[in-house]
Structure formats: C-alpha cells, structure tokens
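Participant: here is my input; please provide its structure:
(one chain, ligands or ions: 1)
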Amino acid sequence: MLSVRNLINTPSLTRDDIRQILDTAATFEQVNSRTIKKLPTLRGRTIVNLFLEPSTRTKSSFELACKRLGADTLSVAGSSSSVVKGESLVDTVLTLDAMNVDMFICRAKYAGSPEIIARTTGARVINAGDGKHAHPTQALLDLYTMRKRFGRLEGLRVGIVGDSLHSRVVGSLVPALRTVGAEVTLVGPATFLPAAPEALGATSCARIDDVLGDLDVVYMLRVQNERLDGAAIPSVREYAALYGLDARRAARMRPEAVVMHPGPVNRGVELTSEVADSPRALILNQVNAGVSVRMAAIYLLLGGESDVVSD
Ligand code: CP
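Facilitator: Got it, this is the predicted structure:
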C-alpha cells in the first residue's frame with residue numbers, strides 16, 4: 001500500500017510508492033488489452049469525478065479507470081452543478097460527502113482545491129490537475145511511458161521545453177523524475193523558467209539546440225495561452241521558431257530519443273504535425289498509459305485486494 005492517504009502531488013510519494021504505482025499499472029495494462037476489461041475489484045465503492053475545469057484526456061481516462069475497476073461513478077461538472085449558483089467548493093464537497101462516497105477525483109482551476117477537499121472529507125482524494133500547481137497522475141503516466149520505452153528511469157536525461165513557470169505538469173513531473181533518479185533540464189526563454197531551477201533539482205538552458213543532442217526524452221509543454229499574464233513571449237510565431245520542434249530540429253536528436261507532450265498539442269507551435277505524428281512521438285502512448293496508471297492510483301488508495309487480474 002502507498003505511504004500517502006491522498007494523491008495531491010508527487011513530492012509526497014516515495015520511490016517505493018512510485019514503483020508500486022507503475023508496477024500495478026503494468027498489471028492493469030494487461031487487463032486493458034483484454035476483450036473484457038472490467039474487474040470487480042472496487043464493486044460497491046463510489047467515486048466522484050469533480051471536474052471544475054475542462055479536460056479531455058484526464059477526465060475520460062479517470063472515468064474509464066473507475067468503471068474498469070467496477071466502481072460506481074458520479075460525474076459532477078462545474079458548469080452543470082450548483083457551483084454556477086455560487087455554492088462554495090467546501091459546500092459542494094460536504095453535500096456529495098453526505099451521500100457516503102469513497103473518493104473524490106478533482107480537476108480545478110484554483111491551486112490548492114484538492115487539499116481543501118482532503119481537509120473537508122474523510123474520503124480519499126486524487127488531484128486531477130489544480131491551477132498552476134500540480135498534476136500528479138500526468139507525471140506518473142509520463143514515468144510509466146518512459147520506463148516502458150527505456151526499461152529504466154534512473155539516469156534518463158529529460159529536457160522539458162517550454163512554459164515551466166505556468167505548468168502544473170512541471171510541478172509534478174520534475175519532483176517525480178528527481179525521486180526516481182532522472183536528470184532534468186528545463187529549457188525555455190527566461191520568462192518561462194523558474195528563478196531557481198536548482199531548488200527543484202533541475203538545471204536550465206535558454207537554447208533548445210544546446211541540449212537537444214544530449215537528451216533521451218524531449219518533453220514539450222503546451223503554450224498555455226489561458227495562463228499567460230500579459231506578453232511573456234514576443235509572439236507565438238517567434239516562440240515556435242526558437243523552441244518549437246520541427247523535423248529539421250528533431251533530426252539532431254539521438255537516434256533512440258523520444259518526444260513526449262502532455263496534450264493538448266498546439267500543432268505548429270510546440271510541435272509540427274510531422275514530429276507529433278512521427279514514430280519518435282509517444283503522445284498517444286502517454287494517453288494509453290493514463291488509464292492503467294489511474295486505475296493503479298485509485299486501486300492502491302482505496303486499498304483493493306492484491307489479486308487484481310484474476311476474475
Ligand atoms: N494532459 C491533460 O491534462 O489533458 P486534459 O486537460 O485534456 O485532461
């Protein structure tokens with residue numbers, strides 16, 4: 001079982017927690033490749049998917065994960081709940097909690113929302129992405145994808161290119177990579193980089209071309225137009241020219257190096273379609289891993305039985 005009660009962010013996970021989640025996900029991946037993908041493991045448990053901000057990948061994969069584990073799910077969206085009438089997050093959670101639910105999975109615009117939920121309910125909580133803070137299951141599925149491709153995580157050289165400052169993916173991925181012994185370089189213009197990357201255990205670099213040939217994983221971040229305060233970059237066109245990965249630039253990568261992206265991709269900005277759709281790109285492998293990794297996180301937090309694949 002995991003050393004944590006809730007999955008709020010990756011710094012609270014030990015190396016053994018991460019190994020357990022990835023190993024359990026590998027077992028669930030086998031289940032997900034069967035014709036019949038449903039297990040009775042969490043039959044009778046109720047999970048609330050509270051998505052207060054838009055999502056395609058995370059929401060769909062959590063819903064599938066809950067259903068494939070046999071749990072009952074309740075989907076609550078910000079736009080169709082009493083949140084639009086002004087009900088607070090705490091009152092929303094207390095209301096749903098009164099229906100005896102077992103877990104809240106929460107995507108929220110405001111950083112810290114999953115912690116507030118965890119303080120409000122005795123149910124387990126998984127952070128499905130909160131503001132600019134954290135996105136722990138994204139980090140775990142990224143680690144799963146890297147481990148599956150390279151057979152290891154320790155010593156992998158990972159370059160994260162783009163808007164590290166506004167990215168909740170970075171808030172979870174960098175600590176998780178450091179916990180498992182990978183090396184991390186943050187790449188981008190100064191306005192996109194944290195002031196002290198060394199405090200995160202990372203190095204930084206202003207020019208993608210200076211590091212591209214040394215990396216095992218080139219992890220491209222989305223330019224988050226919705227989170228940019230003012231003009232952090234002169235123009236999207238200039239950003240694409242300086243930091244975007246096109247076929248000419250990708251040709252300088254190591255032969256075995258891969259391209260990853262959390263999605264959704266701004267085609268023509270971070271990645272050209274030629275690169276996004278190339279064999280180097282693991283973007284859909286990441287999406288595929290999302291279901292198994294989220295099944296593993298839910299299963300381990302709710303304390304399911306160990307015999308997960310029988311039946
Ligand atoms: N990567 C990710 O969180 O995508 P969604 O916003 O579509 O869930």
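Participant: residues contacting Ala139?
Facilitator: For Ala139, the contact set (CB atoms under 8 Å, 6 or more residues apart in numbering) comprises 10, 169, 172-173, 175-177. Where C-beta positions appear, they are placed from N, C-alpha and C, glycine not excepted.
Participant: now swap in Arg43 and tell me
Facilitator: Per CB under 8 Å, 6+ apart, neighbours of Arg43: 70-71.
Participant: could you do Gln138 as well?
Facilitator: 58, 129, 168-169, 172-173, 262, 290.
Participant: so which of those comes closest to Leu39?
Facilitator: Comparing those against Leu39 with CB to CB picks out Gly290 as the nearest, at 17.4 Å.
Participant: can you classify the residue nearest to the closest one when sequence neighbours are not counted by secondary structure?
Facilitator: Closest residue in space to Gly290, ignoring its immediate chain neighbours: Ser61 at 3.9 Å, by CB to CB, 6 or more residues apart in numbering. With DSSP: H, G, I helix; E, B strand; the rest coil as the basis, Ser61 sits in helix.
Participant: thought Ser61 was touching Val287?
Facilitator: Yes: Ser61 lies in contact with Val287 (CB atoms under 8 Å); the separation is 7.3 Å.
Participant: those two: which is more packed in?
Facilitator: Ser61 (23 against 17; other CB atoms under 10 Å).
Participant: tally of neighbours for Thr56?
Facilitator: 10.
Participant: scratch that, Glu63 is what I was asking about
Facilitator: By other CB under 10 Å, neighbour count at Glu63 equals 18.
Participant: before we move on, the earlier item: in strands, which of the contacts of Gln138 fall?
Facilitator: Gly129 (DSSP state E).
Participant: identify the farthest-apart pair in the contacts of Gln138.
Facilitator: Within those, Arg168 and Gly290 form the most distant pair, 15.3 Å apart (CB to CB).
Participant: which one's more surrounded, those two?
Facilitator: Using other CB under 10 Å, the more surrounded residue of Arg168 and Gly290 is Gly290, with 27 against 23.
Participant: let me know the pLDDT of the more buried one.
Facilitator: Reading off the confidence values, Gly290 has pLDDT 98.
Participant: my guess is it contacts Arg57, does it?
Facilitator: Yes: here Gly290 lies in contact with Arg57, judged by CB under 8 Å, at a distance of 6.1 Å.
Participant: what's near enough to touch Val180?
Facilitator: 15, 18, 143, 153-154.
Participant: mind redoing it with 6 Å?
Facilitator: The neighbours of Val180, taking CB atoms under 6 Å, 6 or more residues apart in numbering as the test, are 18, 153.
Participant: same deal with Val259?
Facilitator: When contacts are counted by CB under 6 Å, 6+ apart, Val259 touches 218, 280-281.
Participant: can you rerun that using 8 Å?
Facilitator: Here Val259 is in contact with 218-220, 245, 250, 253, 271, 275-276, 278, 280-283 (CB under 8 Å, 6+ apart).
Participant: buried ones from the residues you listed, can you make that a ChimeraX selection?
Facilitator: Buried residues within those, by 16 or more other CB atoms under 10 Å, are selected in ChimeraX with:
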select :218,219,220,245,250,253,271,275,276,280,281,282,283
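Participant: the nearest residue to Ala232 once chain neighbours are set aside: neighbouring residues, count only.
Facilitator: Nearest residue to Ala232, sequence neighbours excluded (CB to CB, 6+ apart): Thr191, at 4.3 Å. Residues lying near Thr191 (other CB under 10 Å) number 14.
Participant: repeat for Ala296
Facilitator: 29.
Participant: also Pro255?
Facilitator: Pro255 is flanked by 5 other residues according to other CB under 10 Å.
Participant: okay, now the unreliable bits of the chain?
Facilitator: By pLDDT under 70, the weakly predicted segments of the chain are 226-231, 304-311.
Participant: pull up the residues of it that are close to the ligand.
Facilitator: Contacts of the chain with the ligand, taken as CB under 6 Å from any ligand atom, map to 55-59, 129, 138, 262-264.
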